[in-house]
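>>> With the sequence up front, the predicted model follows.
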Amino acid sequence: MGNNTTKIGLGLAALGRPEYINIRENKSLDKSEKAFKENTFSVLDEAYNLGISYFDTAPSYGKGEAFLQEWNASRNHQNVILGTKWGYTYMANWELGFDGKHEVKEHSLEKLTEQWDVSKQLLPRLKYYQVHSATFESGILENQAVLNQLHHIKRTTNLKIGITASGANQKEIVSAALKIKVENEPLFDSFQVTYNVFEQDAFRILNTVLSQGKSVIVKEALANGRVFPNENFGHYKYSYAVLNELSEKYGVGIDALALRFVMDSLKPTYVLSGASNKKQLKENVKANDFSFSKNELEVLGNQRIAPELYWKERDLLAWN
């Protein structure tokens, strides 16, 4: 058993909506809302039974937040910790093959007010309230009215206020957010970022965050499925060979290896499983059953690629 300071959490991005960015697909899935809700509840129950206590959602994950709210109210587990976000609106409205933008970003005070009004129903289990995909372009980091309101929510609810970040400049966004104070208090307590075998650019700044006693939540630990051997990604051939060898050695799938890499190299507060069914989830939690040697960790650490290349590649992935 490894150093399990990191807990595996469950992210609901793939559970709450019929289409999501991923290269592993299941075309035969029943994509009705009823089927998705039943599946989400069964995955949430399974996760809880497997010892997972952190659940992470957002209004833009289709029905993800509504499903979690209903599940949480009906189960009433005392020890779950919930996180949600604000700033994106889900636009596809369950339409398969939706042609437009699936989610639209808006970091305005109006959007915060509107979404907080719904999200606060997750209290008292809600512990993390995050800006969804903070960027310099969206103006969130200097919108004083929004920052003041987040500070007010923090003061009145004791929530951890966080940001999530994506893209090649994640570390710059985290660094800027770390400096933000309202009434002389640092505003942000939690940082959710992409970190995985291929994308390790934010490693240093995330270590700083952790050393300050703040939370780090890692998303996309499986690189949207790119960690799985795939002939479309020939440039990862050596990485796939390394992962296959370790998979045989530890008797676990590549998903568990990818999660374990995050747990052993960065030791974040949580690393999110993005499992969309119980089978995937059971495979994911095998990450808890072993840990890498120093040498293995070094070899995996050397599989990183330039962030610009990583994000360019991710931008080309399709919604399915």
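Noted; the coordinates are in hand.

>>> quick one: V216 is in a strand?
Yes: looking at V216 with DSSP: H, G, I helix; E, B strand; the rest coil, it is inside a strand.

>>> Give the full set of residues in contact with it.
S190, F191, Q192, V193, L206, V209, L210, L266, P268, T269, Y270 (C-beta atoms under 8 Å, 6 or more residues apart in numbering). The way it works is simple: take the backbone N, C-alpha and C, and place the C-beta from them, glycine included.

>>> one more time with 6 Å
By C-beta atoms under 6 Å, 6 or more residues apart in numbering, the contact set of V216 is F191, L206, V209, L210, P268, T269.

>>> Kindly report the same for Y195.
With C-beta under 6 Å, 6+ apart, Y195 has these contacts: V218.

>>> so what's the residue nearest the centre of the chain bridging to?
The residue lying closest to the centre of the chain (C-alpha atoms, centre = their mean) is K219, at 3.1 Å. Beta-bridge partners recorded for K219 (DSSP bridges): T194.

>>> before we move on, the earlier item: so which of the contacts of V216 is surrounded by the most neighbours?
Per-residue neighbour counts (other C-beta atoms under 10 Å) across the contacts of V216 peak at F191, which has 28 neighbours.

>>> which helix in this protein runs the most residues?
As assigned by DSSP state H, the longest helix anywhere in the chain is helix 33-49.

>>> Give the buried residues for that helix.
By 16 or more other C-beta atoms under 10 Å, the buried positions in helix 33-49 come out as F36, K37, N39, T40, F41, V43, L44, E46, A47, Y48.

>>> Just list what it packs against, helices and strands only.
Judged by 3 or more C-beta pairs under 6 Å, 6 or more residues apart in numbering; DSSP states H and E, the packing partners of helix 33-49 are helix 64-75, helix 278-284.

>>> okay, the angle between it and helix 64-75?
Going by axes from the mean of the first three to the mean of the last three C-alpha atoms, to 10 degrees, helix 33-49 is angled at 60 degrees with respect to helix 64-75.

>>> residues in contact with helix 33-49?
With contact meaning C-beta under 6 Å, 6+ apart, helix 33-49 is reached by L10, L15, F67, W71, K278, L281.

>>> so who does K278 touch?
With C-beta under 6 Å, 6+ apart, K278 has these contacts: V43, E46.

>>> Helices of the stretch 201-320 of the chain, start to end?
Secondary structure of the stretch 201-320 of the chain (DSSP state H, counting those that start in this stretch): helices at 203-211, 237-250, 254-265, 278-284, 294-301, 307-315.

>>> which other residues reach the fifth one?
By C-beta under 6 Å, 6+ apart, the list of residues contacting helix 294-301 from outside reads V197, F261, D264, S265.

>>> Now the third one. Nearest residue, chain neighbours left out?
This points to D264. Nearest non-adjacent residue to D264, counting by C-beta to C-beta, 6 or more residues apart in numbering: F292, 5.0 Å away.

>>> Could you do the second one as well?
Spatially, and ignoring its direct neighbours in sequence, F261 is nearest to L300 (5.0 Å; C-beta to C-beta, 6+ apart).

>>> So what's the residue count around the one you found?
Residues within reach of L300, counting by other C-beta under 10 Å, total 23.

>>> distance of it from N284?
Distance, L300 to N284, using C-beta to C-beta, to the nearest Å: 17 Å.

>>> Ok, F261 next?
According to C-beta to C-beta, F261 stands 13 Å off from N284.

>>> low-confidence ranges in the stretch 51-200 of the chain?
Within the stretch 51-200 of the chain, the stretches with pLDDT under 70 are 92-94, 98.

>>> how about TSV for the contacts of helix 33-49, with distance to W311 added?
Shown next, in TSV, are those (distance: C-beta to C-beta, whole Å):
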residue	distance to W311
L10	24
L15	24
F67	29
W71	33
K278	31
L281	27
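
>>> pretty sure H152 is in a helix, no?
Yes: looking at H152 with three-state DSSP, it is inside a helix.

>>> ok, how many other residues are close to it?
The local packing of H152 (other C-beta under 10 Å) involves 11 other residues.

>>> So what's the residue count around the nearest residue to R125 once chain neighbours are set aside?
Nearest residue to R125, sequence neighbours excluded (C-beta to C-beta, 6+ apart): L82, at 4.7 Å. Residues within reach of L82, counting by other C-beta under 10 Å, total 23.

>>> which secondary structure elements does the helix or strand containing L82 contact?
Taking DSSP states H and E as the criterion, the element that holds L82 is strand 81-86. When contacts are defined as 3+ C-beta pairs under 6 Å, 6+ apart, strand 81-86 packs onto strand 54-56, helix 109-119, strand 126-131.

>>> re earlier: format the helices and strands packed on helix 33-49 as JSON lines; extra columns: distance to V118.
Formatted as JSON lines, these follow (distance: least, C-beta to C-beta, whole Å):
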{"stretch": "helix 64-75", "distance to V118": "7"}
{"stretch": "helix 278-284", "distance to V118": "27"}
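
>>> quick revisit: quick check: the residue nearest to D264 touching V262?
No: between F292 and V262 there is no contact, the gap being 11.0 Å when judged by C-beta atoms under 6 Å.
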